[in-house]
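[1] This is the structure alone, sequence omitted:
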């Protein structure tokens, strides 16, 4: 793993919603209010499509969001040591595209 990636994992750089909206507003040359509205709209469209639509969103050169079914399984309650059954569920997963992975690697110094 390159130094750049290690630096990110080491310092846990996390961009929150406010920072995303601010960066989006600056890059697009729009107000933060408009950027917030567009951000909420995008998140709503994506969530609606994943839950009620195709169950998959593919964004070229970025990645793919999809639904993955996790089967029922046995677990252990860490507080009591009691065996429990964890119910089956669907979860959203993300797989980065090769282009995104290439982009992160090209920022490495090594």
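    Looks like it came in fine. Computed from a predicted model, the values in this text were never measured in an experiment. Numbering: from 1, shown residues only.

[2] residue ranges of the strands in this structure, please?
    56-59, 63-70, 73-76, 83-86, 89-96 (DSSP state E).

[3] Helices of the protein, residue ranges please.
    Listed in chain order, the helices of the chain (DSSP state H) span 3-11, 17-28, 32-52, 98-105.

[4] Lowest average pLDDT across these?
    Looking at the helices of the chain, the lowest mean pLDDT belongs to helix 3-11 (a mean of 50).

[5] okay, residue 88: pLDDT?
    In this prediction residue 88 is given a pLDDT of 96.

[6] mind pulling up the phi and psi values for the residue nearest to it when sequence neighbours are not counted?
    Leaving aside its chain neighbours, residue 88 sits nearest to residue 72 (4.3 Å; criterion: CB to CB, 6 or more residues apart in numbering). Backbone N, C-alpha and C define where each C-beta goes, glycine included. For residue 72, the backbone dihedrals are phi -60, psi 140 (criterion: degrees, to the nearest 10).

[7] just checking, residue 72 touches residue 87?
    Yes. Here residue 72 reaches residue 87: they are 5.9 Å apart, a contact under CB atoms under 8 Å.

[8] hang on, the earlier thing: among the helices of the chain, single out whichever gets nearest to residue 91.
    helix 32-52 (10.6 Å; CB to CB).
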